[in-house]
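Asks: here are the coordinates; sequence isn't available:
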C-alpha cells in the first residue's frame, strides 16, 4: 500500500457562527469572511505540513482544486504543487494534484500545459488527477452541468493526446474546437503523467475510468466504508466485464485520518475538527452539490441513499467513525481499519487527509508523524 | 361537444425520438407550450381553453413523457423541433400560448419562422433579460422553495408539498429539472440572440404577468417591449409566476380576448 498525504487547505479561521447563517459554505459565502493576513499565514502553514508528511516518509503529497469556498483555498492547485515541488526537489516524493476540474476550464490546453510544466519541474514526479469539479462549481462557474461528462471526456482527450503528440493536431469536438493543439513543454513522463480519478462513485465515471484503454485508479473520497467497498466492487466488476482483473493499484481511498497515543486521546483531539469539516465546511445543500445533469437521474437517486446525511444533517463523531467517514484512533486502531478495508477490496492507494476542519498545526504534525512512523511502515506490504 | 372534449394522447416521432402530446377541444388551433415544472391540477387552464380551441399540448423534448433525444442540445434544437412538428401536423394560423420556459420556446419558434403563427400569448416568459433585474435562482432553491415561490396563494400547493412522493414521481420531477437546465443553465434563462432579433416576430404578441412573480419579475416586459414596441402586457394582481395555474380562468379569458381581436 502507498500513502499520499492529502490536504484541502481550509480557511480554518472562519467565523463559523456567522457563516452558519448562510445557505452554504460554498458558492455564495461572502469572501469578506476571509482575512488575507491570516490566510497568507495559513498557506505557509499548510505547505509546511505537506512537506513535513514527505519528511515522515509518505510516498506522495497531494492537493486538489475547489472554488468559491472556505472549505479549500486552492482554486489553482498547480500553484501550490509548484511550491511543493521546489520544497521537495531531489527527492522521490510524488506530487499529486487530485485533481484539476476539467469541464469548468475554458480551455483544456492550459491544463495540459501546466501539468506538463509541473512534470518537468518535478523531474517526472507528477500524478495528474482529473475531476469534473464538485456540483457547486457549476453554480460558480456558470458551466452547464448537463454537459459535465461530455466536456470532461473531450478535455481529457485533448490533454492526453497533447501530452503524447510530437506535432500539432486539430481537435474536433462539440464543446472544444481547436485547430492546432501542441503542448510545449512535453511532459517528462511519456506518454504522460499517471492519471487518477477521484470520484464520489458516479456510475458513469467508474465505467469510463475502468475501461481497458485507461485503467485509471479511482480514488473514493468522502464516503462511508460501505460506499467505498461498494464502489470499489463496482469498479472491479466493470473491469471483469471489460475482460481483466483490476489490481489494487487501481483502487484508492481518501478520508480524514487522525492518529494519537490512544483512541480516547485521538477522539478528543480530532472530534471538534471533524465536526467542523462535516457539519460546517461540508454544509452543502443537495441543490448545490448535485445540480441537474451532474449525474444521471439513476446515479443521483442511488448516491443520495449512500451519502445520506453528509452536508444535510448534523453528524456526530461516533456515527462518522462507525460508518467509516473518517479514521480516528491509536496507531493500532488506524492500522486495523485500513487492513480491514484492504481485506475487503484489495485497495492499495491511501490518501489520508492529514488536516481537516480547524485542526491546528501542532496536532496535524503529531498525527502525521505517528502515521508515518507507526501506521504506514506496517501496511506497506499489503 | 362532450365527445370532442375527450382527452386524446398522441405520439409524434421526430428523428428517432417519441414526443408525447395531447389534443383536446374544438375551434381554432392553439399550441400550448407548457411551463417547465408540472404541478398537479394545472390542467384547469387547458380545460378552459379547450372550450373555445383545438388545443395541442406537447411535452417538450426532454420533459415529461417525451423522450430526451440525442439531438437535443439546447434551445435551438427545441425551436426547430417545433417547426417540424407544426409542419408535420399541418397546422396553419396557429395561436401559440406559452408559459414560463414554454413562453421562451414560443418566441424562439416565432423568431425563426412565424409564417404559420397567427398570435402569441406568453405568460411570464423567460428568454429575454432586463439588465439589473435578476431571475430567481431556481437551481439553488430547494424543491419546496421551487414550488412555493412559484405561487402567491400557498394553499394551492399545500397538499402537493405535504404528500410523500414515490421514487417514480421524484424521477419525473428530476427529469423536468434536467430538461430545464439543458435549455436554460447558460446563458441563464435567456438567449441574447433572441433578444437582438425580437423584431423578427411579426404576429401580434401579448404577455401576461402576475404582479408578484419571484422568478421572472414583471418589469422584464420592458425588455420585450424594446424589441417589440407593439407588444401588449396585462398584469394579473395577487398572482405569482404561474398565472395559468393560479388564475386559470382569468388567464384563459385574457388569451381568448386577445385572439378574438386578431384579424383573420
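Replies: Thanks, I have it. For clarity, every value in this text was computed on a predicted model and none was experimentally measured. Numbers count the residues shown, from 1 in each chain, chains lettered A, B, ... in the order given.
Asks: what helices or strands is the helix or strand bottoming out on mean pLDDT in chain A leaning on?
Replies: Ranked by mean pLDDT, DSSP states H and E, the weakest helix or strand in chain A is helix A:297-306, scoring a mean of 78. Other elements packing on helix A:297-306 under the criterion 3 or more Cβ pairs under 8 Å, 6 or more residues apart in numbering or on different chains; DSSP states H and E are helix A:203-209, helix A:225-241, helix B:167-184. All C-beta spots, glycine's among them, are computed from the backbone N, C-alpha and C.
Asks: need the ones you listed in JSON lines with distance to residue A:144, mean pLDDT and mean neighbour count, can you?
Replies: Formatted as JSON lines, these follow (distance: least, Cβ to Cβ, whole Å; pLDDT from 0 to 100; neighbours: other Cβ atoms under 10 Å in any protein chain shown):
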{"stretch": "helix A:203-209", "distance to residue A:144": "16", "mean pLDDT": "91", "mean neighbour count": "19"}
{"stretch": "helix A:225-241", "distance to residue A:144": "26", "mean pLDDT": "96", "mean neighbour count": "18"}
{"stretch": "helix B:167-184", "distance to residue A:144": "6", "mean pLDDT": "93", "mean neighbour count": "19"}
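Asks: just send these back as JSON lines, with distance to residue B:190 too.
Replies: Conversion of the helices and strands packed on helix A:297-306 to JSON lines gives the following (distance: least, Cβ to Cβ, whole Å):
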{"stretch": "helix A:203-209", "distance to residue B:190": "30"}
{"stretch": "helix A:225-241", "distance to residue B:190": "39"}
{"stretch": "helix B:167-184", "distance to residue B:190": "8"}
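Asks: of those helices, which approaches residue A:316 most closely?
Replies: Among the helices and strands packed on helix A:297-306, helix A:225-241 comes nearest to residue A:316, with 16.6 Å by Cβ to Cβ.
Asks: name every strand pairing with the following helix or strand past the closest one and say which way it goes.
Replies: Remark: after helix A:225-241, the chain's next helix or strand is strand A:251-259, criterion DSSP states H and E. Here strand A:251-259 has these sheet partners by DSSP bridges: strand A:218-221 (parallel), strand A:327-329 (parallel), strand A:349-353 (parallel).
Asks: those: which one's closest to residue A:33?
Replies: strand A:349-353 (22.1 Å).
Asks: helix or strand next in line after the closest one, which one?
Replies: Defined by DSSP H and E, the subsequent element after strand A:349-353 is helix A:361-370.
Asks: average pLDDT across that following helix?
Replies: Averaged over helix A:361-370, pLDDT sits at 98.
Asks: now do stretch A:32-48
Replies: What stretch A:32-48 shows for mean pLDDT is 98.
Asks: for it, buried residues please.
Replies: A:33, A:42, A:46, A:47 (16 or more other Cβ atoms under 10 Å in any protein chain shown).
Asks: ok, back up a step: let's have the strands paired with strand A:251-259 in JSON lines, adding mean pLDDT.
Replies: Output for these, formatted as JSON lines (pLDDT from 0 to 100):
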{"stretch": "strand A:218-221", "mean pLDDT": "94"}
{"stretch": "strand A:327-329", "mean pLDDT": "98"}
{"stretch": "strand A:349-353", "mean pLDDT": "98"}
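Asks: could I get those in JSON lines, plus columns for mean neighbour count?
Replies: Converted to JSON lines, the strands paired with strand A:251-259 look like this (neighbours: other Cβ atoms under 10 Å in any protein chain shown):
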{"stretch": "strand A:218-221", "mean neighbour count": "26"}
{"stretch": "strand A:327-329", "mean neighbour count": "25"}
{"stretch": "strand A:349-353", "mean neighbour count": "26"}
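Asks: for residue B:201, find the nearest of these.
Replies: With respect to residue B:201, and counting by Cβ to Cβ, the nearest of the strands paired with strand A:251-259 is strand A:218-221 at 49.6 Å.
Asks: got the angle between the helix or strand harbouring residue A:46 and strand A:349-353?
Replies: Element membership of residue A:46, judged by DSSP H and E, is helix A:36-55. If you take axes from the mean of the first three to the mean of the last three Cα atoms, to 10 degrees, helix A:36-55 sits at 140 degrees to strand A:349-353.
Asks: the helix or strand that helix A:36-55 is followed by: partners in the sheet, and parallel or antiparallel?
Replies: Going down the chain from helix A:36-55, the next helix or strand is strand A:60-63, by DSSP H and E. If you go by DSSP bridges, strand A:60-63 pairs up with strand A:2-7 (parallel), strand A:94-101 (parallel).
Asks: give the buried residues for the last one.
Replies: In terms of neighbour count (16+ other Cβ under 10 Å), strand A:94-101 has its buried residues at A:94, A:95, A:96, A:97, A:98, A:99, A:100, A:101.
Asks: among those, which has the minimum pLDDT value?
Replies: Lowest pLDDT of those: residue A:99, 93.
Asks: coming back round to it: and which of the buried residues of stretch A:32-48 is nearest to chain B?
Replies: Chain B has its nearest neighbour among the buried residues of stretch A:32-48 in residue A:33, at 19.0 Å by Cβ to the nearest Cβ.
Asks: and the gap between the closest one and residue A:314?
Replies: 21 Å (Cβ to Cβ, to the nearest Å).
Asks: with residue A:134 instead?
Replies: According to Cβ to Cβ, residue A:134 and residue A:314 sit 21 Å apart.
Asks: same question for residue B:190.
Replies: Following Cβ to Cβ, the distance that separates residue B:190 from residue A:314 is 39 Å.
Asks: more crowded one of those two?
Replies: Taking other Cβ atoms under 10 Å in any protein chain shown, residue B:190 and residue A:314 do not tie; residue B:190 has more neighbours (21 against 10).
Asks: how about the residues of the stretch 151-300 of chain A by chain B?
Replies: Residues of the stretch 151-300 of chain A found near chain B (Cβ under 8 Å from any Cβ of the partner chain) are A:174, A:285, A:286, A:287, A:288, A:291, A:292, A:293, A:297, A:300.
Asks: now for these, which pair is the farthest apart?
Replies: Between any two of these (Cβ to Cβ), the greatest distance is 30.8 Å, for A:174 and A:285.
Asks: who's more crowded, those two?
Replies: Neighbour count, other Cβ under 10 Å: between residue A:174 and residue A:285, residue A:285 has more, with 17 against 10.
Asks: phi and psi next, for that one.
Replies: Main-chain torsions, residue A:285, degrees, to the nearest 10: phi -60, psi 150.
Asks: most centrally placed residue in chain A?
Replies: Residue closest to the mean C-alpha point of chain A, counted by Cα atoms, centre = their mean, is residue A:98 at 4.8 Å.
Asks: contacts only, for the residue nearest to it when sequence neighbours are not counted.
Replies: Distance criterion Cβ to Cβ, 6 or more residues apart in numbering or on different chains; nearest residue to residue A:98, sequence neighbours excluded, is residue A:129 at 3.1 Å. By Cβ atoms under 8 Å, 6 or more residues apart in numbering or on different chains, the contact set of residue A:129 is A:62, A:64, A:96, A:97, A:98, A:99, A:100, A:195, A:196, A:197, A:198, A:219.
Asks: ok but residue A:129 is inside a helix, no?
Replies: No. Residue A:129 is assigned strand when assessed by DSSP: H, G, I helix; E, B strand; the rest coil, not a helix.
Asks: from chain B, how far off is it?
Replies: As judged by Cβ to the nearest Cβ, to the nearest Å, residue A:129 and chain B stand 25 Å apart.
Asks: ok, now residue A:363?
Replies: Residue A:363 is 36 Å from chain B, by Cβ to the nearest Cβ.
Asks: what residues does the stretch 101-250 of chain B put near chain A?
Replies: Residues of the stretch 101-250 of chain B lying near chain A (Cβ under 8 Å from any Cβ): B:139-142, B:167, B:170-171, B:174-175, B:177-178, B:180-182, B:185-186, B:188.
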